[in-house]
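Undergrad: Sequence and predicted structure are below.
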Amino acid sequence: MKLDRLIARHESTGRNRARQAIIGGRVCVDDAVETGIDREMGRFNRVELDGVLIQQAERLLHIMLNKPVGIVSATLDAEHRTVLDLIDDPDRHSLHIVGRLDKSTSGLVLLTNDGRWSKKLMDPNHKVAKVYRVETRDPIPPEAVAAFAAGFYFHTEDLTTLPAELEILSERSARLTLHEGRYHQIKRMFHRTGNRVTALHRERIGLIALPDDLAPGEWRILTDNEIQDSSSRIPKLPP
Ligand code: URA
């Protein structure tokens with residue numbers, strides 16, 4: 001809603017009078033005088049008129065969680081514990097999940113109440129990298145690298161997956177970087193090579209890496225740098 005409209009509505013007055021108040025320097029947005037009558041206001045802006053609070057700013061929250069296996073990536077579930085059950089913040093019910101993980105997958109989950117931030121992070125055009133550690137039932141052959149880079153055709157969605165970078169770490173483990181997020185994508189990709197995923201762990205989304213000292217089930221608020229950088233493309237990992 002535009003600032004003049006918000007003031008007019010709150011004061012039960014016309015937009016002209018609201019505009020006069022704004023132009024006259026009587027309105028503060030986020031603790032600074034605001035004279036732009038048509039500035040768009042959101043729920044995270046604090047607005048004052050003549051020093052009196054008109055709209056309290058909601059608290060912006062950006063959280064990382066180390067999801068343990070067995071926890072559901074949902075905000076509500078009748079049967080299972082959810083990622084939200086692990087977060088003991090008073091505003092946790094305002095959060096949504098930025099990129100779900102399967103119940104059997106562990107690792108980095110981001111949660112926020114900042115829709116613009118999550119939209120940018122998940123925007124298919126930005127192709128933000130998601131990095132996973134994969135353990136498999138059978139050995140991963142060297143040819144798998146080219147197969148993941150070429151992409152797999154998924155009949156149900158009628159699409160070919162974007163090039164994914166597979167780095168073989170040992171006979172049965174690899175690091176895989178995806179630039180999209182489709183339903184059970186990694187499990188389906190390995191299945192197509194005749195193999196099975198036995199363990200899957202997300203290490204990173206964009207530039208946000210799960211820190212070693214965040215134990216399974218633990219969470220923390222993201223730093224300002226993590227929030228700013230999060231939608232940048234990640235640099236190539238060292239060999
Ligand atoms: N791919 C999967 O198969 N599962 C996940 O949880 C994430 C990516």
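TA: Noted; the coordinates are in hand.

Undergrad: Tell me which residue is most central in this protein.
TA: residue 98 (3.1 Å; C-alpha atoms, centre = their mean).

Undergrad: For that residue, give me the pLDDT.
TA: Listed pLDDT for residue 98 reads 97.

Undergrad: what sits against the nearest residue to residue 160 once chain neighbours are set aside?
TA: Distances taken as C-beta to C-beta, 6 or more residues apart in numbering place residue 151 nearest to residue 160, at 4.3 Å, with adjacent residues excluded. (Each C-beta comes from the backbone N, C-alpha and C, glycine too.) Applying C-beta atoms under 8 Å, 6 or more residues apart in numbering to residue 151 gives the contacts 160-164.

Undergrad: if you look at those residues, which of them are in strands?
TA: residue 160 (DSSP state E).

Undergrad: Produce a PyMOL select command limited to the buried residues of the contacts of residue 151.
TA: Remark: buried members of these, expressed as a PyMOL selection using 16 or more other C-beta atoms under 10 Å:
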select buried, resi 161+164
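
Undergrad: With pLDDT and distance to residue 200 added, can I get the contacts of residue 151 in TSV?
TA: Below are the contacts of residue 151 laid out as TSV (pLDDT from 0 to 100; distance: C-beta to C-beta, whole Å):
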residue	pLDDT	distance to residue 200
160	97	22
161	97	16
162	97	18
163	97	20
164	98	14
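
Undergrad: Output the contacts of residue 151 as a markdown table; include the columns distance to the ligand.
TA: Formatted as a markdown table, the entries for the contacts of residue 151 read as follows, by distance: C-beta to the nearest ligand atom, whole Å:
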| residue | distance to the ligand |
| --- | --- |
| 160 | 16 |
| 161 | 11 |
| 162 | 13 |
| 163 | 16 |
| 164 | 11 |
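
Undergrad: quick check, nearest of the contacts of residue 151 to residue 123?
TA: residue 162 (13.8 Å; C-beta to C-beta).

Undergrad: Does that closest one touch residue 179 like I think?
TA: Yes. With contacts counted by C-beta atoms under 8 Å, residue 162 reaches residue 179, the gap being 5.0 Å.
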